[in-house]
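Engineer: prediction below, plus the sequence it came from.
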Amino acid sequence: MLRLRAPRNRVSRRAITLWTLDAAIGWLVLLAIQLVPYFLVSDASPWQIAGLVATVVVGVAHTLVMPRWRYRVHRWEATPEAVYTLSGWVTQEWRIAPVSRIQTVDTKRGPLQQLLRLSTVTVTTASAAGPVEIAGLDHAEAVRLAEELTSTTQATPGDAT
């Protein structure tokens, strides 16, 4: 029987930088799209300027608040019985994947993750809810976790369904 509790481990502090860069890039792309008509039209409307100002204000607030908030929420833990995750910021999701249900364990690293020495571990189960992801792990910790989960899963009887 699995005991319900909050996961113990935080993600890497470098995840704050990753989430900040991800948010900033997204807002800058939106701002660039809004600036194209602004520069093509010689007389900008008040609505265009209001849209630009709103994008900047909301974008800066989101980029400053969200990464630190997510860092305070995000937790993970792997035991011989289950993988526990808590993630999100406005909407928070608590996931528990019993080891006996694990089908695959993957790691992935995007360009920013590689630059920051971070990885995401994805644990796929037989659940219809989808995989459990642990984002923002130090790369060495992610490799260790993937190896540990693979070994634990291989030693667990059953067919993971």
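Structural biologist: Received, thanks.
Engineer: how about the strands in this protein?
Structural biologist: Assigned by DSSP state E, the chain shows strands spanning 9-10, 75-78, 82-88, 92-98, 102-108, 118-125, 132-138.
Engineer: give me the contact list for the third one.
Structural biologist: Residues outside strand 82-88 that contact it (Cβ atoms under 8 Å, 6 or more residues apart in numbering) are 2, 5-7, 70, 73-78, 92-99, 102, 123, 132-135, 149. All C-beta atoms are positioned from the backbone trio N, CA, C, and that covers glycine.
Engineer: buried subset of these, written for PyMOL?
Structural biologist: One line in PyMOL is enough to select the buried members of these, burial here meaning 16 or more other Cβ atoms under 10 Å:
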select buried, resi 7+70+73+74+75+76+77+78+95+96+97+98+99+102+123+132+133+134+135+149
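Engineer: re earlier: nearest to residue 21, out of the strands of the chain?
Structural biologist: Closest approach to residue 21 among the strands of the chain (Cβ to Cβ): strand 118-125, 11.1 Å.
Engineer: partners of the closest one, with directions?
Structural biologist: strand 102-108 (antiparallel), strand 132-138 (antiparallel) (DSSP bridges).
Engineer: residue 41 is nearest to which of those?
Structural biologist: Minimum separation from residue 41 across the strands paired with strand 118-125 (Cβ to Cβ) falls at strand 132-138, 40.6 Å.
Engineer: what mean pLDDT does that closest one get?
Structural biologist: Averaged across strand 132-138, the pLDDT comes to 97.
Engineer: ok now it, how far from the chain's centre?
Structural biologist: On the basis of Cα atoms, centre = their mean, to the nearest Å, strand 132-138 sits 6 Å off its chain's mean C-alpha point.
Engineer: hmm, who's touching it?
Structural biologist: With Cβ under 8 Å, 6+ apart, strand 132-138 has contacts from 11-12, 14-15, 18-19, 71, 74, 76, 83, 85, 87, 95, 97, 117-123, 125, 142, 145.
Engineer: quick revisit: redo the strands paired with strand 118-125 as a markdown table? Include distance to residue 35.
Structural biologist: A markdown table is the format used below for the strands paired with strand 118-125 (distance: least, Cβ to Cβ, whole Å):
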| stretch | distance to residue 35 |
| --- | --- |
| strand 102-108 | 33 |
| strand 132-138 | 31 |
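Engineer: compare those and give me the one nearest residue 34.
Structural biologist: That would be strand 132-138 among the strands paired with strand 118-125, by Cβ to Cβ, at 28.8 Å.
Engineer: show me the chain divided up by domain.
Structural biologist: For the chain, automatic domain parsing gives the domain ranges 14-70, 73-155.
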